[in-house]
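Asker: 3D, please:
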Amino acid sequence: MADHIEILEAALSAVGEGIIVLNSGSRVLFWSPAATTISGYTGAEMLGRALPEGFYALGPAHHGPVEEDWHAKSEDGCPRERPILVNLCHQQGHSLPAMLHRVTLRDAFGTCFGTLLRF
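Answerer: Numbering: from 1, shown residues only. Got it, this is the predicted structure:
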C-alpha cells in the first residue's frame, strides 16, 4: 500500500498546477510543490491544518448568486464542483488571480471523503 501512496504523491507532485487535498474536515492531507511555489506556504507547515483564513477570496464579479453557488453544498453535504476565478493570498501578503477548481473526492459508494483544489 505504501508504494501506491508514494506513486500517487509523485503523480500529484509532478502536475504543474497547485494541488491541495483536504479531508472531510477541511484539513490539508496533501500540498503539492506547485502549491508552495504559487502560494508561498509549504506542505510541511500546512499538513494537518485548515487553509489559512482568507487563503482565497472571490473576485468582485463573483458576489451574490455566484458566491452563494460556490459555497453551496450538494444534497449529501459535499461541496459543489465548479471552477471560479479567485484571488489567492500569498503568504507574503500579495494576491494573485487564479482559476480555482474544486473536485469532490468520493469513495466507491459515492460518499464524500475529501476535496481536491487545483489552481
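Asker: all contacts plus neighbour counts: C-alpha atoms, from now on.
Answerer: Noted.
Asker: what about stretch 4-15, average pLDDT?
Answerer: Average pLDDT, stretch 4-15: 89.
Asker: Pull out the buried residues from it.
Answerer: Within stretch 4-15, the residues scored as buried using 16 or more other C-alpha atoms under 10 Å are 12, 13.
Asker: Might you calculate how far that stretch sits from the centre of the chain?
Answerer: Stretch 4-15 sits 16 Å away from the centroid of its parent chain (C-alpha atoms, centre = their mean, to the nearest Å).
Asker: longest helix in the chain, by residue count?
Answerer: The residue-count maximum for a helix in the chain (DSSP state H) belongs to helix 2-14.
Asker: Which pLDDT value goes with residue 23?
Answerer: With respect to pLDDT, residue 23 has a value of 95.
Asker: who's in contact with it?
Answerer: By C-alpha atoms under 8 Å, 6 or more residues apart in numbering, residue 23 lies in contact with 29, 113, 114, 115.
Asker: From these, list the buried ones, please.
Answerer: Buried by 16+ other C-alpha under 10 Å: 29, 114, 115, out of the contacts of residue 23.
Asker: just checking, which of these belong to strands?
Answerer: Secondary-structure check on those using DSSP state E: residues within strands are 29, 114, 115.
Asker: Read off the pLDDT value for residue 72.
Answerer: pLDDT, residue 72: 59.
Asker: okay, now the closest residue to residue 40 other than its chain neighbours: neighbour count?
Answerer: Distances taken as C-alpha to C-alpha, 6 or more residues apart in numbering place residue 91 nearest to residue 40, at 5.1 Å, with adjacent residues excluded. Close neighbours of residue 91, defined as other C-alpha atoms under 10 Å, add up to 15.
Asker: Now do the same contact list for residue 91.
Answerer: Counting by C-alpha under 8 Å, 6+ apart, residue 91 touches 39, 40, 41.
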